[in-house]
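Participant: build me a structure from this.
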Amino acid sequence: MKKEVDELKRVKEENKKLKLALADMTIENRLLQKEIQYRISLTEQPQVLKKKIKPE
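Facilitator: Have a look, this model is predicted:
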């Protein structure tokens with residue numbers, strides 16, 4: 001019985017660590033997505049300006 005309890009505690013602790021790691025990765029992923037969107041917006045801006053200038 002003690003073995004099972006120790007194993008359960010170990011698994012719960014590992015699960016807790018994995019959840020924290022997943023949360024960290026989720027936050028990092030969101031930050032990277034925002035950075036990518038920002039960089040894309042920077043590269044798109046000149047094209048948008050050119051399109052606005054041409055019709056006039």
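Participant: quick one: the helices in this structure?
Facilitator: Counting by DSSP state H, the chain has these helices, from start to end: 2-53.
Participant: spatially central residue in it, please.
Facilitator: Most central in the chain under Cα atoms, centre = their mean is residue 29, positioned 1.2 Å from the mean C-alpha point.
Participant: tell me the pLDDT at residue 25?
Facilitator: Listed pLDDT for residue 25 reads 97.
Participant: tell me the contacts of it?
Facilitator: Residues near residue 25 by Cβ atoms under 8 Å, 6 or more residues apart in numbering: none. Bear in mind the C-beta positions are built from the backbone N, C-alpha and C, glycine included.
Participant: residue 22 versus the residue nearest to the centre of the chain, what's the distance?
Facilitator: Using Cβ to Cβ, to the nearest Å, one obtains 10 Å as the distance from residue 29 to residue 22.
Participant: equivalent analysis for residue 1, please.
Facilitator: Here residue 1 is placed at a distance of 31 Å from residue 22 (Cβ to Cβ).
Participant: quick one: neighbours of residue 23, just the number.
Facilitator: 10 (other Cβ atoms under 10 Å).
Participant: for residue 34, that is, sorry about that
Facilitator: 10.
Participant: and for residue 3?
Facilitator: Counted by other Cβ under 10 Å, the residues lying close to residue 3 total 7.
Participant: tell me the confidence at the residue nearest to the centre of the chain?
Facilitator: pLDDT, residue 29: 97.
Participant: could you do residue 4 as well?
Facilitator: Looking at residue 4, its pLDDT stands at 95.
Participant: can you check residue 44 too?
Facilitator: Note on residue 44: pLDDT of 75.
Participant: now do it against residue 37, distance only.
Facilitator: Residue 44 sits 10 Å away from residue 37 when distances are taken as Cβ to Cβ.
Participant: got it, and residue 28?
Facilitator: Taking Cβ to Cβ as the measure, residue 28 falls 15 Å from residue 37.
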